[in-house]
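[1] pasting the sequence and the predicted coordinates here, then a few questions.
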Amino acid sequence: MSFSSLPRVSRVIVAAAVLLGCGSGLLAQTPSQTGSSATPAAMGAAASDPVVISAGGAQLHASEFQALLMSSPAQNQAEMEANKRAVADELAKMLALVDAAQRQGLDQDAAFKAEMLLTRDNALAKALVDKLQAAATPTDAQIQAYYDAHTSDYVQTKVRHILVGDAETPGGPNPRTQAAALAKVQQLETQLKNGADFAALAKTDSDDPGSKAQGGELGVIAPGQTVPEFETAVKALPVGKISDPIHTRFGYHIVEVESRAPQPLPQVKAQIVEALSTPVVEAQIDKITAAAHPVISDSYFGPEPAAAPAGSAPPAAPAAPATPKQ
C-alpha cells in the first residue's frame, strides 16, 4: 500500500511518527513566536534554506524536511521521495495539530514533558549504542573465521518422515497404546528398508496431517527447529538412509534425510555479525554503566535482591519445546 492510499487518520499517524522519530527540535518557530528580529545572517540562511511547510506558528525548512525523509526506514525512503507532496500535505496537518496543541498549553503538561524527556534520552542512548555497534562490526576475515569454526551450526537438512501417534500424542486423541504404535512403526520400518515407496507409505500411514499429503516432506530444517530427540537422530542419520524408530512426545517417527548442506556464508552473515558484535557492545555498555556509578533509591524501589549463592543458577522460565514441522 502506498503512502497516498492510506486512510487519512493513518497518514497523519505516519506523519506523527516521522516527526516524533526526529525529535521536537526540527519544528521551527517563526520570528513572531520567538520575539527576535531577522538579522542579515539569518536572512541569508533563510534564503539558502527556505521554509517549505508552515501551519500557524510551526515551520519546517527544506533541510529539515530532507532530514525527516532520510531518517525514515530505508525501505520507505524511495516511496516517500516519490510522493513528497503527499508527505508534505500530511506533515502540514501534523504541524497544524502541533501549533494548536502549543496554543492550548499542552506542551506544558507534566506527563507530556516527561514523555518527551524519555523520548530524547532514549534516542540519545540509542545513538550511542548505534555508534558502539558500528565500532564492534567484525571484519570480513573475522566473519569467515567464525563461519569456518561453526559451520555445523548453519547446516540445513531436508527431511521427510512418517509419524505414528499414540494415546500420549498431543492434539490427538489417538487410541493406540505406545506398544501398538511401536509395533506399527516397526512394520513400516521393515517395509521401507525392503524398498517400499516412502512417499506412498507416508500418504497412507502417517499421522502427521501437515506432511502426509506431501509424502511426509518436512522441507528444510535448521538446528534448533525440532525437538531434541528428533534433531539428535536426524543429525546422526546419513543421507538416503532410513532411520530406526525415533520416539518424541508426538509419537514414533521413521525419518529419511534427503540432503544435508551448510547454508552459504552470505545467507548467515547477519547472524554471525550479531553473534560477534553483541558481546562486545554489551561489555561496553556494562563498562559505561559502571563508570557512571548509578545510584538507585532503595527507599523508593526497595532493596536490591540478594545475590544467588555461588554455583547456583536462577530458575529457568518454562518454554515450549521446538517441534517437528507439522
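    The structure has been received and is ready for your questions. These figures come from a predicted structure and were not determined experimentally. Numbering: from 1, shown residues only.
[2] and the contacts of stretch 130-142?
    146, 272, 273, 276, 277, 280, 281, 284, 285 (Cβ atoms under 8 Å, 6 or more residues apart in numbering). Quick note: C-beta positions are derived from backbone N, CA and C, even for glycine.
[3] repeat that with 7 Å
    273, 276, 277, 280, 281, 284 (Cβ atoms under 7 Å, 6 or more residues apart in numbering).
[4] following the strand or helix carrying the fifth one, which helix or strand comes up?
    It refers to residue 281. Here residue 281 sits within helix 265-291, counting by DSSP states H and E. Scanning forward in sequence from helix 265-291 by DSSP H and E, the next helix or strand is helix 298-301.
[5] would you map out the domains in this structure?
    3-106, 150-262 (automatic domain parsing).
[6] deepest-packed of those, please.
    For these, the largest average neighbour count (mean count of other Cβ atoms under 10 Å) is found in domain 150-262, namely a mean of 17.
[7] any idea how far apart the tips of that domain sit?
    Terminal residues of domain 150-262 are spaced 10 Å apart (Cα to Cα, to the nearest Å).
[8] filter the contacts of stretch 130-142 down to the buried ones.
    Buried members of those, scored by 16 or more other Cβ atoms under 10 Å, are 273, 276, 277, 281, 284.
[9] for the residue nearest to residue 231 when sequence neighbours are not counted, give me its contacts.
    Once flanking residues are discounted, residue 231 sits nearest to residue 223: 6.9 Å by Cβ to Cβ, 6 or more residues apart in numbering. By Cβ under 7 Å, 6+ apart, the residues touching residue 223 are 153, 155, 231.
[10] likewise residue 112?
    Contacts of residue 112 by Cβ under 7 Å, 6+ apart are residue 106.
[11] that one and residue 291: what is the separation?
    For residue 112, the distance to residue 291 (Cβ to Cβ, to the nearest Å) stands at 32 Å.
[12] how about residue 271?
    Residue 271 is 31 Å from residue 291, by Cβ to Cβ.
[13] the two - which one has more neighbours?
    residue 271 (15 against 8; other Cβ atoms under 10 Å).
[14] all strands of the stretch 151-300 of the chain, in order?
    155-164, 217-221, 246-248, 251-262 (DSSP state E, counting those that start in this stretch).
[15] no more questions from me, cheers.
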